[in-house]
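Asker: Sequence plus predicted model, see below.
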Amino acid sequence: MTAPRKNRPARILVVDDDPGLLRLLTIRLRSEKYEVEPVASAAGALDSAVLFRPDLVISDLRMAEMDGIGLLKELQKRWPGLSVILLTAHGTIPDAVRATQSGAFAFLTKPLEKDHLLAEVRRALRTSGFIDDSEEWQTEFLTRNSQLSDLLARARMVANTDTSVLLTGESGTGKEQLARAIHMFSPRRDGPFIAMDCGLLAPETGEGRLAGTLRAAESGTVFLRNVDALPEALQRGLAQAIPAPATVDDAGRPTHTGVRVVVTSERRLDELVAAQQFSEGLFDRLNGLHFDLPPLSKRREDIPLLVARFLDEIAAETGQTRRNMSPQALEVLAAATWSGNVRELRQVVREVASLAVGAVISPELVKQAMGQTTRMPSFDEARDEFTRGYLTQLLQITKGNVSQAARLAKRNRTDFYKLLTRHGVSPDDFKD
């Protein structure tokens, strides 16, 4: 659909062949200042979507001619990344499983609780990429992945502090993007953000460069990449240069002096400290908060969302007609290894968008751009993906009730909790 924009209400397309419910949903959503387009059939929804360009679709499941699942699949073909919430008066488990397996964002049972509906609408708009001024925080982190969503929520809460932050994760997972977001949402946002790669510092000259960078970042944020590669001779000096946590003034407000430090590391710093390969004093100063960003292989459900975002960006930058990725091309992208993670995905999408002749990007063009490096996931990867999807479906059906979900899975509650932890699925994400 259209690129997310600020300062306009979110557009919601509502589809239901029951005139009374269609009118009720429209009134409820418009009362929350959403722009609503009500239609009475799936065919009408597909026609309206072309001009209305919705940010979210809410559709009844049971409709004549084309049902909600059929509409969902057609919308996914035309606009990958568009979130769809399905409604039903029947509320059976098979309906819920079929809806979630087809890619529905949420499955709600009639009669609808107003607060529950609005909560799901807000959550869907966040994950589909619509941003209002209060939600700019996640603009670069479009995700449906519960692990990443939880990480971003925690990072947002600490952005307003002066605590040092350690970011880990594979190359291309967005560590610098998160560092910049932490700076922009902190009291230091008007100060400088200065980045330096510790792996490029020589022991002979690095001390002066490091000290100069810290001075230049005064009242702002210094971002140190690859701090685990910092020469041993420079580690003690950096520990002494990093300011202690902020104090408070007479009014009890935190004082923001010196410079905030955000660092990345390719290796575990605690293990390096134990092996006497990294300064324990520096580790103590840097290890205020630790965020480990998941690789793209652990959040494959985000690939269609990210591709849609990148295609929107390219169209906005070039002024050209927006390209669309064919479903087969998306399958190719979803099966790739992505050792370069989101950065590599963005590069591939940019390349195929520039090479595409027509409006639709073919799978052959994607394979060519990737140098035929795509592969089917390994057995372990496929098993993990299936398990994560299965757990997510159970929690969606039971609305986060772990005991009920464990019974459906025919597992005891303790083992089921272990599965949730191992696969990064949080029951709280599915509760009303």
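Answerer: Everything's here; your move. Numbers count the residues shown, from 1 in each chain.

Asker: Show me where this protein has its strands.
Answerer: Secondary structure of the chain (DSSP state E): strands located at 11-15, 35-39, 56-60, 83-88, 106-109, 165-168, 193-197, 221-225, 260-265, 289-292, 324-325, 360-361.

Asker: Could you export the third one as PDB, CA atoms only?
Answerer: Just to be clear, that refers to strand 56-60. Output of strand 56-60 as PDB, limited to C-alpha atoms (Å, rounded to 0.1, in the frame of the first residue of the first chain):
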ATOM      1  CA  LEU A  56      -5.600  -2.100   7.800                       C
ATOM      2  CA  VAL A  57      -8.500  -4.300   6.700                       C
ATOM      3  CA  ILE A  58     -11.100  -5.700   9.100                       C
ATOM      4  CA  SER A  59     -13.300  -8.400   7.500                       C
ATOM      5  CA  ASP A  60     -16.000 -10.800   8.400                       C
END
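
Asker: which ones are touching the closest residue to residue 279 other than its chain neighbours?
Answerer: The spatially closest residue to residue 279, leaving aside those adjacent along the chain, is residue 235, at 3.9 Å (Cβ to Cβ, 6 or more residues apart in numbering). Just so you know, the C-beta spots here come from the backbone N, C-alpha and C atoms, and that holds for glycine as well. Shown in contact with residue 235 (Cβ atoms under 8 Å, 6 or more residues apart in numbering): 278, 279, 282.

Asker: Please apply the same query to residue 328.
Answerer: By Cβ under 8 Å, 6+ apart, the contact set of residue 328 is 362, 363.

Asker: run the last query once more with 7 Å
Answerer: Contact analysis of residue 328 by Cβ atoms under 7 Å, 6 or more residues apart in numbering lists residue 363.

Asker: That one and residue 308, how far apart?
Answerer: Here the criterion is Cβ to Cβ, to the nearest Å. By it, residue 328 lies 16 Å from residue 308.

Asker: next one: residue 407
Answerer: According to Cβ to Cβ, residue 407 stands 37 Å off from residue 308.

Asker: One more: residue 82?
Answerer: Taking Cβ to Cβ, one finds residue 82 at 8 Å from residue 308.

Asker: And for residue 396?
Answerer: Taking Cβ to Cβ, one finds residue 396 at 22 Å from residue 308.

Asker: Then residue 53?
Answerer: Residue 53 sits 13 Å away from residue 308, going by Cβ to Cβ.

Asker: quick one: pLDDT of the closest residue to residue 351 other than its chain neighbours?
Answerer: Closest residue to residue 351 apart from its sequence neighbours, by Cβ to Cβ, 6+ apart: residue 369 at 4.6 Å. pLDDT recorded at residue 369 is 89.

Asker: and residue 369, what is it in contact with?
Answerer: Residues near residue 369 by Cβ under 7 Å, 6+ apart: 348, 351, 352.

Asker: Which single one of these is nearest to residue 143?
Answerer: residue 348 (18.9 Å; Cβ to Cβ).

Asker: how about the nearest residue to that closest one, chain neighbours excluded?
Answerer: The shortest distance from residue 348 to any non-neighbouring residue, by Cβ to Cβ, 6+ apart, is to residue 369 (5.3 Å).

Asker: any idea how far residue 300 is from that neighbour?
Answerer: Distance from residue 369 to residue 300, by Cβ to Cβ: 19 Å.

Asker: swap in residue 228?
Answerer: From residue 228 to residue 300 the distance is 28 Å (Cβ to Cβ).

Asker: Kindly report the same for residue 202.
Answerer: 41 Å.

Asker: Please apply the same query to residue 429.
Answerer: According to Cβ to Cβ, residue 429 and residue 300 sit 17 Å apart.

Asker: Residue 37 too?
Answerer: For residue 37 relative to residue 300 (Cβ to Cβ), the value is 31 Å.

Asker: Same check on residue 385?
Answerer: When residue 385 is compared with residue 300 (using Cβ to Cβ), they lie 6 Å apart.

Asker: Likewise for residue 229?
Answerer: 30 Å.

Asker: More neighbours: which of these two?
Answerer: Between residue 229 and residue 300, counted using other Cβ atoms under 10 Å, the more crowded position is residue 300 (20 against 14).

Asker: If you drop the residues flanking it in sequence, what lies closest to the more buried one?
Answerer: In space, residue 300 is closest to residue 334, 5.7 Å off (Cβ to Cβ, 6+ apart).

Asker: what's around the one you found, how many residues?
Answerer: The tally of other residues near residue 334 (other Cβ under 10 Å) stands at 16.

Asker: what does residue 225 give?
Answerer: 20.

Asker: related to what we said a few turns ago, higher neighbour count, residue 407 and residue 308?
Answerer: Taking residue 407 and residue 308 together and counting by other Cβ under 10 Å, residue 308 has the greater number of neighbours (24 against 15).

Asker: so residue 158 makes contact with residue 289?
Answerer: Yes: at 5.5 Å, residue 158 counts as touching residue 289 under the criterion of Cβ atoms under 7 Å.

Asker: How far does stretch 226-234 stretch from one end to the other?
Answerer: 13 Å (Cα to Cα, to the nearest Å).

Asker: same thing with stretch 182-189?
Answerer: Separation of the first and last residues of stretch 182-189 by Cα to Cα is 9 Å.

Asker: Can you give me the buried ones in that stretch?
Answerer: Residues 182, 183, 185, 186, 187, 188 are the ones in stretch 182-189 that count as buried (16 or more other Cβ atoms under 10 Å).

Asker: Contacts only, for residue 124.
Answerer: 56, 83, 85, 105, 106.

Asker: Same question for residue 431.
Answerer: 399, 400.

Asker: Need the pLDDT of it.
Answerer: Residue 431 is given a pLDDT of 77.

Asker: which residues of the stretch 101-250 of the chain fall in helices?
Answerer: Listed in chain order, the helices of the stretch 101-250 of the chain (DSSP state H, counting those that start in this stretch) span 114-127, 146-158, 175-184, 206-216, 232-241.

Asker: Show me which positions of the last one end up buried.
Answerer: Buried residues in helix 232-241, counting neighbours by 16+ other Cβ under 10 Å, are found at 234, 235, 237, 238, 239, 241.

Asker: mind listing what the fifth one touches?
Answerer: Contact analysis of residue 239 by Cβ under 7 Å, 6+ apart lists 279, 281, 282, 285.

Asker: quick one: which of those residues sit in helices?
Answerer: Among those, the ones falling in helices (DSSP state H) are 281, 282, 285.

Asker: Now rank these by neighbours and give me the top one.
Answerer: Counting neighbours by other Cβ under 10 Å, the top entry in these is residue 282, with 23 neighbours.

Asker: close enough to count as contact, that residue and residue 240?
Answerer: No: the pair residue 282 / residue 240 is not scored as a contact, 9.2 Å apart, by Cβ under 7 Å.

Asker: so where's the stretch 301-432 of the chain uncertain?
Answerer: The model of the stretch 301-432 of the chain has pLDDT under 70 over residues 372-378, 381, 432.
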